[in-house]
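Trainee: Would you be able to build a 3D model of this:
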Amino acid sequence: MESESTQLPLKVCPHCSVASRTDEDTCPSCGKPYARTRNWRWWIAIAIIVAAFGLGYGGRKLIQGSDESGEISFAQGKAVKTGISESELRDQVGGEDPSYEKTLPGPGDAKRTCLYYAISDREGSLWQFCVADGKVVTADAVK
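Mentor: Numbering: from 1, shown residues only. As a prediction, this is how the structure comes out:
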């Protein structure tokens, strides 16, 4: 019996680390296979997740348009005159929604809303249009 057990190969289980002399394909201790198989399901799951993110990002781009929303040219901003209504301002900037909007306290109880548009042809600069009582009161290029 001694010679029979020495002829069997010594296998170490990669799962439970038990060394056994056996010619079986599974560990007698934990029952898992000795050979580790590549888990192809992980690769499929990763591919599905990457595809979902890609479709989500691409779909958002199609629905929302380009990243240039809220941008106007310097000339468009310069053409805006104070005293016009907020709806006229939005018409003059091509119907673009502002990149940023902020309500600020004004004199007394009055409040003014400032609309900020990125300047497409001047990186890092913004047009600031402040509206009070429905009229544009300031139009300034700011950095």
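Trainee: pLDDT of the one helix or strand residue 51 maps to, averaged?
Mentor: Element membership of residue 51, judged by DSSP states H and E, is helix 40-64. Mean pLDDT, helix 40-64: 78.
Trainee: repeat for stretch 135-143
Mentor: 89.
Trainee: ok so, going back, what packs against the helix holding residue 51?
Mentor: Using 3 or more CB pairs under 8 Å, 6 or more residues apart in numbering; DSSP states H and E as the contact definition, helix 40-64 packs against no other helix or strand. Any C-beta I mention is one placed from the backbone N, CA and C, and that applies to glycine too.
Trainee: what helices or strands is whichever helix or strand comes after it leaning on?
Mentor: Under the assignment DSSP H and E, the closest C-terminal helix or strand after helix 40-64 is strand 71-72. Judged by 3+ CB pairs under 8 Å, 6+ apart, the packing partners of strand 71-72 are strand 111-119.
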